[in-house]
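Trainee: kindly return the folded structure for what I paste below:
(one chain, ligands or ions: 1)
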Amino acid sequence: MSRAETKHEQLRSALLGLIEQDPRRELPLPSERDLAAEFGVSRMTARMAVEELADQGFVYRVQGRGTFVRQPWVSKSLALTSFTEDMRARGMKPATKVLASAERPAGAAAGSDLKISPADPVIFLRRVRLADGVPICLEAVELPAALVPGMLHEVLTGSLYDLLESSYRIRITHAEQRIRATVLDQEEAGLLGVAPVSPALLVERVSLDRAGRPVERARSIYRADRYDYRVAVDRRGPGR
Ligand code: 16G
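Mentor: From the prediction side, this is the model:
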């Protein structure tokens, strides 16, 4: 990787490692003062790293007692699924048509999201995803090429997440997502077999592995007439 990890990122990765150690128990995190001393960062940096994990639902605070790792029942509600899992959960058979696969420089936007230099190579993959033979999603993903050597020679019509796990031991455990309404342009509409300007859901996702390393930047466009986005939500806080 071309860029040194910042102290903040190091601390975040270390904390995520700690959380992963035993996700069944409500482990207390070390205090901000101890984290600052152990990682040689300011208390402000330590606080920011912990606040970020709290915002993302990994940990919660109890006033006067400290910060604790959340129990798995909350993680389940934050479930991160692949297209394949999504379709199977709906009782449908997933399939994939690969439109393009290539290695190319990340460029500024993907470089920034994936925390690599714009000149670093990414694997670009564009696929039509089908459910019971009907095209419902257009997906474009970019992955840092350094993380997935030889990926272009793999079978790319199956589950990308399964491939990452089985061939590269990369498990995506967290994603930042943004969901927006959009309409399909002529090309997109043609690929999805609907009329141009049909409504669609655009989901942009940056996926991280358990160490907090960005692994995937994805843009998925779903036909709004065939897909709804299901989200489990929980009230934040220590009690249930
Ligand atoms: C979903 C993800 C996409 C991921 C794909 C992997 C969203 C918005 N996008 O489509 O980021 O690449 O699943 O699915 O959820 P796969 O393992 O079936 O290829």
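Trainee: measure residue 224 to the ligand for me?
Mentor: Plainly put, residue 224 is 14 Å away from the ligand if you go by Cβ to the nearest ligand atom, to the nearest Å. C-beta coordinates here come from the backbone N, C-alpha and C atoms, glycine included.
Trainee: which phi and psi does that residue have?
Mentor: Main-chain dihedrals, residue 224, degrees, to the nearest 10: phi -70, psi -20.
Trainee: skip the chain neighbours and tell me the closest residue to it.
Mentor: residue 199 (4.0 Å; Cβ to Cβ, 6 or more residues apart in numbering).
Trainee: and the one you found, how many neighbours?
Mentor: 12 (other Cβ atoms under 10 Å).
Trainee: ok, residue 148 next?
Mentor: 21.
Trainee: tell me who's in contact with it.
Mentor: 123, 164, 167-168, 170 (Cβ atoms under 8 Å, 6 or more residues apart in numbering).
Trainee: can I get the buried part of those as one PyMOL selection?
Mentor: Selection of buried members from the contacts of residue 148 for PyMOL, criterion 16 or more other Cβ atoms under 10 Å:
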select buried, resi 123+164+168+170
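Trainee: show me what the helix ranked longest in the chain packs onto, helices and strands only.
Mentor: If you go by DSSP state H, the chain has its longest helix at helix 7-21. The elements that helix 7-21 packs onto, with contact taken as 3 or more Cβ pairs under 8 Å, 6 or more residues apart in numbering; DSSP states H and E, are helix 32-39, helix 43-55.
Trainee: spell out which residues of the protein are next to the ligand.
Mentor: 82-84, 139, 141, 159-162, 203, 205, 216, 218, 220 (Cβ under 6 Å from any ligand atom).
Trainee: including secondary structure, could the residues you listed go into CSV?
Mentor: As requested, the residues of the chain next to the ligand are exported to CSV (DSSP: H, G, I helix; E, B strand; the rest coil):
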residue, secondary structure
82, coil
83, helix
84, helix
139, strand
141, strand
159, coil
160, helix
161, helix
162, helix
203, strand
205, strand
216, strand
218, strand
220, strand
